[in-house]
Structures are given as C-alpha cells and as structure tokens.
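Undergrad: Predicted model and sequence below, questions to follow.
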Amino acid sequence: MSINDKDDIMSSADVARKQQAHEAGRILYNSFNSNATDSGNHQPNGLVSPGYHRPSDGLEPCHSTCGGQRRISTVRRTFCLLILFDLILSFILWVIYTQFLNMGEISKALRTEIVEYHFDSSLFDTVILAFWRFMVLIISYAVVLSQRPWMVAITTFGTCLLLLFKIFYFKFTTHSSNDSAISYIVLLVSFVIAWVETWMLDFKVLPREKKDRERNDTFARPPNERTHLLAGSQHNLPITDQYYSPVNTPIESDSEDVPSDAFHSMPGTRGHSRSASVNLSLGGQEQEYKKQGKEALDAAWILVNDQEDWKLETSREEIGAQVFSKYLPKAGKVFLLKGYLDASAVESFEELWYHIEESPQWNPTVLEMRCLQHIDENIEVSYQLSAEAAGGMVSSRDFVTVQCWEVKENGVIISAGSGTTHPDMPEQKKYVRGDNGPGCWVYKPMSDDRCEVMWMLNTNLKGWLPQYLIDQSLSGVMIDFYKALRERLTYLRQTSVTREPSVNSAIRPMKTIA
C-alpha cells in the first residue's frame with residue numbers, strides 16, 4: 001500500500017469521525033430539548049423548528065400563537081382592564097355629578113348635560129374623552145397588539161389639552177358648593193387616570209414584553225454546532241465553575257487504599273449543614289458573592305461610624321433602645337437602632353448568625369429565615385420572609401441577602417449584608433421582593449455578659465407605599481425585633497440552654513477575639 005493510499009484512508013477516517021461527532025452532538029442536543037417541544041415543532045431531520053418556543057419560567061411572550069389563536073401577556077391584559085376601568089369610573093362619576101345638579105328630575109339633568117350640551121356648563125365631554133381613550137387604546141394594544149407608545153401618548157395629550165381649556169372656560173361659580181366639588185373630582189380623575197395609563201404602558205407593559213421577547217427569541221433559534229447543548233442554561237442554571245478531582249497517590253506508595261476524603265462532591269445549596277467543611281475551590285458565582293459581601297461590609301462600616309446628621313425617630317427607655325434616621329442621596333432613608341443586650345458580643349452575634357434559622361420561633365417580625373448557600377466561614381446567602389407591618393397595611397416582603405461578618409479592633413464584631421439574587425430563590429408571585437442596601441449589626445463588648453449593639457437598616461420595601469407609612473413600619477419593626485432579641489438572650493441565659501456549635505470552633509469569633 002502506497003503512502004498516498006494511507007493518507008487517503010486517514011483523511012476519510014477523519015471525515016467520518018467528524019460526521020459521527022456532529023451527529024452525536026445533534027442527537028444529544030435534541031434529547032435535552034425533547035421534553036420542551038411539541039411533536040408538530042420537529043422537522044424531519046430532528047432539528048427544532050424555528051417556531052419552537054421554550055417555556056420561560058413564568059415569563060411569556062407579548063403575543064404568541066396557541067391553537068390558532070393569539071394571546072397577550074398578563075401585564076398587557078392588566079393594562080386593558082385599566083382602560084375599561086377608566087371608562088366605567090368616568091361614567092359613574094359623571095352620573096353622580098348629574099345627581100347633584102338641582103334640576104328636580106334626573107331626566108332633566110341628563111337632557112341638559114347631553115342634548116343641550118354646552119362646553120362651559122356640561123361635563124359629559126369627560127365621558128366622551130374616556131370612551132375615545134377606550135376605543136383607541138383597546139384597538140391599538142388589544143387588537144393590533146402595537147409595541148409603540150405613540151397611541152397612548154396621543155390620547156393623554158388630547159385629554160390634557162381638552163381639560164386645560166375646560167378649566168378655563170367651565171363656569172364653576174354657577175353651581176352650588178357641592179356641585180363644584182364633584183366637578184373638580186370629575187376633571188381631576190380624568191386627568192390622573194390618563195397619565196396612569198401612560199405610565200403603565202411605558203414603564204410596565206412594553207419593557208416587560210421586550211424582556212420576554214428577547215428571552216423567547218433565545219430559544220427560537222434553530223440549533224447549530226455553536227448552540228448550547230442545555231438550551232437556556234445561561235439563563236436558568238447557577239454558575240458554579242466548581243470541578244473536583246481525586247487527590248494524587250503519594251509518591252512511592254504501595255497502598256491502593258483511597259482515603260475517605262479523596263473525593264469531593266459539589267455542596268448543595270438547600271438544606272446544607274453549616275458544620276460541613278469549607279469549600280476548597282470557589283467558582284465564579286461564589287467569588288461574586290464574596291465580593292458583594294465584602295463591599296457591603298466595608299460600606300456599612302463607614303456608614304455606621306459616621307455620627308453626623310442622624311435624627312431621633314423614636315425612643316423606648318424601658319428597653320434602652322433608640323431609633324435614628326438619616327437621608328442618603330442614593331440610598332434614601334436609612335435607620336439606625338442603638339441599644340444594649342444582656343449577653344456578650346459573641347453570644348449575641350452567634351444567635352443572629354449561626355442560629356438565625358430558629359428566629360421565626362421567637363421573632364414576631366420574621367416568618368421564615370434560612371440559608372440558601374454557605375460560601376465560606378464568613379459569608380453566606382440567606383432568604384428572609386418578613387411578617388406584615390403597620391397593622392397589616394404593609395404586606396409581607398421577602399429578601400435575598402448576601403451576608404458577611406468580620407472582627408474589628410477591640411473585639412467589635414460586625415455582620416453586614418446587601419441584597420442579591422440566587423437561582424434557588426427567584427422572585428415569588430405572592431410576595432413583593434424587597435431590596436436591601438448595605439446594612440449591618442455591630443456588637444461592641446462592654447463586659448462578659450453585656451454589649452452595646454447597633455443595627456443599621458437600609459432597605460427598599462418596593463410597592464406603592466406612602467413614606468410616612470414606611471417610616472412608621474420600619475421603626476416599629478426594629479423595636480419589635482430588638483425587644484424579641486433581648487427576651488431571647490435572657491431566656492437562653494436563665495435556662496442555661498446548651499447550644500451545639502454549628503461550625504468548627506477554630507473559626508468562631510470567640511477564638512478570633514481571644
């Protein structure tokens with residue numbers, strides 16, 4: 001056999017291997033996505049058709065085809081309900097206005113408002129405006145499914161223009177005081193609700209649908225050799241980058257026994273034990289959590305040591321607590337509680353760090369508290385569900401926080417945290433996800449059984465809440481939390497409860513301080 005014949009055979013073998021590898025990759029890709037596609041979406045060669053849409057974890061496209069019928073997103077349906085509410089409310093307010101007119105019979109009032117309409121004395125044009133907005137917006141955003149904000153801008157501009165002329169030409173003085181009051185309400189409601197429709201479409205509907213389309217387009221592309229085998233993994237799966245290998249056999253060792261700790265498995269993020277050994281290798285996401293935790297601790301330490309511009313919000317002398325507040329340009333209003341605990345700094349810290357998952361049993365402000373992921377001995381990611389506040393006027397909020405602790409000079413312990421995200425705890429539909437800025441607990445030793453404590457709360461509760469209600473609820477929550485913590489520490493000391501250490505004692509703050 002000649003050399004040329006050998007080269008031809010090797011070339012043919014290489015081509016065959018490449019074809020087999022390509023085919024194996026395509027089969028593997030389709031096997032991962034077979035559960036997410038319908039039989040009608042498969043092409044004869046097994047590839048996913050361009051019409052394929054993968055479910056997007058609750059996010060839905062702005063409009064899609066299902067059973068031959070188009071459907072619109074949930075947020076757009078809510079916008080359409082708001083438009084209908086606008087029409088009904090405007091009509092009801094106008095009817096109430098006609099009841100206040102002193103004309104004896106309602107038929108006479110309706111005839112005066114509609115048949116004998118005058119721009120300077122009738123408010124029936126507000127109902128016409130509402131009907132005009134209803135028709136234009138429903139046709140544009142429910143029938144045509146427009147993705148542009150121009151139609152709602154036109155209806156809002158037209159409404160404002162007519163109402164501007166109306167307030168100058170309408171004869172308010174010809175009506176009684178009751179009639180004038182209801183006429184003010186009719187005009188103001190028409191003005192406000194037109195702007196609410198503009199805000200909802202421009203800040204809620206269109207941005208949400210754009211995000212949904214981008215995510216669904218990711219899964220609608222036909223696969224090729226550069227497509228991820230696990231479609232959507234870059235969106236839905238946590239970034240770990242943690243790979244473990246068995247340890248090498250010692251040189252000149254004749255033993256074939258493998259030590260029990262030679263192999264490591266990736267630590268789980270749910271239900272993990274804090275007594276587990278610290279990860280020897282951290283992936284990209286864990287490194288990011290470490291960075292966030294350290295930045296939160298440094299920022300909180302600077303804020304809590306800045307004693308200027310703090311204003312007293314409330315004081316409870318019977319429990320030795322004071323709550324202060326300060327306004328920060330970027331963070332908004334930040335609260336600081338100062339008090340004293342009848343326990344050492346280490347005991348107080350450990351109760352709120354190593355045993356925090358037990359806090360719902362004694363803390364009335366918390367419904368759930370658990371660790372999502374243990375990064376190392378100083379950093380973890382936790383989930384908290386708060387209880388209702390202000391007598392139920394502020395509903396429950398949940399938070400995902402990366403936390404970090406450190407021992408400063410003179411045995412001062414600081415545990416700080418800041419809001420983050422975690423794949424094991426996406427936003428819940430039944431709760432509003434709050435956002436924590438850099439905040440902290442600081443424990444300053446005073447004696448073996450007493451310490452000074454400072455709690456800085458920097459949070460955004462989200463939602464449509466008046467500022468005075470937020471201030472009242474947060475101050476009350478801090479006082480209730482502090483009071484419950486004092487009672488908890490007193491109970492533990494009086495009953496001499498033995499707490500089992502949750503981590504290696506070598507990394508506990510008590511040893512660090514000593």
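TA: Done, it's in.
Undergrad: got the residue ranges for the strands in the chain?
TA: Secondary structure of the chain (DSSP state E): strands located at 63-66, 69-72, 311-316, 321-328, 332-341, 366-374, 379-386, 397-407, 413-419, 432-433, 435-436, 439-447, 450-457, 459-460.
Undergrad: Which among these is found nearest to R208?
TA: R208 lies closest to strand 69-72 among these, at 11.8 Å (CB to CB). Where you see a C-beta, it was placed from the backbone N, CA and C, and this is true even at glycine.
Undergrad: And for stretch 112-123, what's in contact with it?
TA: With contact meaning CB atoms under 8 Å, 6 or more residues apart in numbering, stretch 112-123 is reached by 94, 97-98, 101, 103, 124-125, 166, 169-171, 174, 183, 186-187.
Undergrad: From those residues, pick the one nearest S395.
TA: V186 (31.9 Å).
Undergrad: just checking, that closest one touches L93?
TA: Yes. When contacts are counted by CB atoms under 8 Å, V186 is listed as touching L93 (4.9 Å).
Undergrad: who has more neighbours, the two?
TA: Ranked by neighbour count (other CB atoms under 10 Å), V186 and L93 place L93 first, with 21 against 18.
Undergrad: related to what we said a few turns ago, list residues touching both of V186 and L93?
TA: Jointly contacting V186 and L93 under the rule CB under 8 Å, 6+ apart are T126.
Undergrad: Name whatever forms a beta bridge with W441.
TA: Beta-bridge partners for W441, by DSSP bridges, are S415, W455.
Undergrad: residues touching it, list them.
TA: W441 is in contact with F349, L352, I414, S415, A416, V453, M454, W455, counting by CB under 8 Å, 6+ apart.
Undergrad: Who wins on neighbours among the residues you listed?
TA: Neighbour count (other CB under 10 Å) singles out A416 as the most crowded of the contacts of W441, with 27 neighbours.
Undergrad: what's the farthest-apart pair in the contacts of W441?
TA: A416 and V453 (13.9 Å).
Undergrad: Next up, the contacts around the closest residue in space to T401 that isn't next to it in sequence.
TA: Distance criterion CB to CB, 6 or more residues apart in numbering; nearest residue to T401, sequence neighbours excluded, is G417 at 4.3 Å. The contact partners of G417, taken as CB under 8 Å, 6+ apart, are G293, A296, S382, T401, V402, Q403, C404, N436, P438, G439, C440.
Undergrad: The same query, at a cut-off of 6 Å, please.
TA: Counting by CB atoms under 6 Å, 6 or more residues apart in numbering, G417 makes contact with A296, T401, Q403.
Undergrad: quick one: which of those residues has the most company?
TA: Neighbour max across the contacts of G417 (other CB under 10 Å) = Q403, 27 neighbours.
Undergrad: Quick one: the helices in the chain, in order.
TA: Under the criterion DSSP state H, the chain contains helices at 3-33, 74-100, 106-110, 124-138, 150-169, 177-200, 206-220, 233-236, 284-304, 345-353, 467-495, 509-513.
Undergrad: confidence score at Q361?
TA: Looking at Q361, its pLDDT stands at 90.
Undergrad: so how far is L489 from it?
TA: Using CB to CB, to the nearest Å, one obtains 14 Å as the distance from Q361 to L489.
Undergrad: Which residue of the two possesses the greater neighbour count?
TA: L489 (19 against 8).
Undergrad: which residues touch that one?
TA: Each residue near L489 by CB under 6 Å, 6+ apart is listed here: L341, A343.
Undergrad: V196 versus E347, what's the distance?
TA: 52 Å.
Undergrad: W455 contacts L336, correct?
TA: No. Using CB atoms under 6 Å, W455 is not in contact with L336, being 7.2 Å away.
Undergrad: residues touching V442, list them.
TA: V304, I414, M454.
Undergrad: tell me the contacts of the closest residue to it other than its chain neighbours?
TA: For V442, ignoring the flanking residues on the chain, the nearest one in space by CB to CB, 6+ apart is M454 at 4.3 Å. Counting by CB under 6 Å, 6+ apart, M454 touches V304, K338, V442.
Undergrad: again, only using 8 Å
TA: For M454, the contacting residues are V304, L336, L337, K338, C440, W441, V442, K444, by CB under 8 Å, 6+ apart.
Undergrad: do the same with W301
TA: For W301, the contact set (CB under 8 Å, 6+ apart) comprises K408, I414, A416, C440.
Undergrad: Going by distance to R316, which of these wins?
TA: Within the contacts of W301, the smallest distance to R316 is 21.1 Å, found for C440 (CB to CB).
Undergrad: Go ahead and confirm the closest one touches V304.
TA: Yes. Shown here, C440 and V304 form a contact pair, counting by CB under 8 Å, at 5.9 Å.
Undergrad: Find residues that contact each of those two.
TA: Common contacts of C440 and V304 (CB under 8 Å, 6+ apart): I414, M454, M456.
Undergrad: roughly how far apart are the first one and V334?
TA: Yep, that's I414 we're talking about. Distance of I414 to V334, given as CB to CB: 16 Å.
Undergrad: go on, I375?
TA: Counting by CB to CB, the gap from I375 to V334 is 26 Å.
Undergrad: Kindly report the same for R370.
TA: For R370, the distance to V334 equals 26 Å [CB to CB].
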